[in-house]
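**Student:** Sequence plus the predicted model coming up.
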Amino acid sequence: MKNFIQNLLRYPQFLVLIIGGVLSVVIAPIIPLLKKPVTAIAMITAIVSGFIGVSLVLRAMLGMDIA
């Protein structure tokens, strides 16, 4: 039973490692683009507009009022 509990407690560590690996793979190609001011402004604008678009779609799907 002790072995089972030890194995069960390792899952959060694996989850953190997997999330960290995925984030590093996703963010690594973006970092060189942020060194140029024009592409940095474009990337930030795209990210902000993406978040706004997703939030508006979710509010409309869930029937939440904006006001």
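**Tutor:** Thanks, I have it. Everything numeric in this text was worked out from a predicted model, so none of it was measured.
**Student:** Strands along this protein, start to end?
**Tutor:** Assigned by DSSP state E, the strands in the chain number zero.
**Student:** Just the pLDDT for the residue most central in space within it.
**Tutor:** When the chain is reduced to its mean C-alpha position, the closest residue under C-alpha atoms, centre = their mean turns out to be Leu23, at 7.3 Å. Per-residue confidence (pLDDT) for Leu23: 95.
**Student:** ditto for the one 3 residues further on
**Tutor:** pLDDT, the model's per-residue confidence, is 92 for Val26.
**Student:** Give me the distance between it and Gly20.
**Tutor:** 11 Å (C-beta to C-beta, to the nearest Å). Backbone N, C-alpha and C define where each C-beta goes, glycine included.
**Student:** Next: Asn3.
**Tutor:** On the measure of C-beta to C-beta, Asn3 and Gly20 end up 26 Å apart.
**Student:** The two: who's more crowded?
**Tutor:** Comparing Asn3 with Gly20 by other C-beta atoms under 10 Å, the one with more neighbours is Gly20, at 10 against 7.
**Student:** Tell me, how many residues neighbour Val22?
**Tutor:** 10.
**Student:** actually Arg59, not the one I typed
**Tutor:** If we define neighbours as other C-beta under 10 Å, then Arg59 has 12 of them.
**Student:** Same question for Lys2.
**Tutor:** Lys2 has 6 neighbours, counted by other C-beta under 10 Å.
**Student:** and stretch 41-50, average pLDDT?
**Tutor:** On average, stretch 41-50 scores 95.
**Student:** cool, and stretch 59-67?
**Tutor:** 82.
**Student:** Nothing else from me, thank you.
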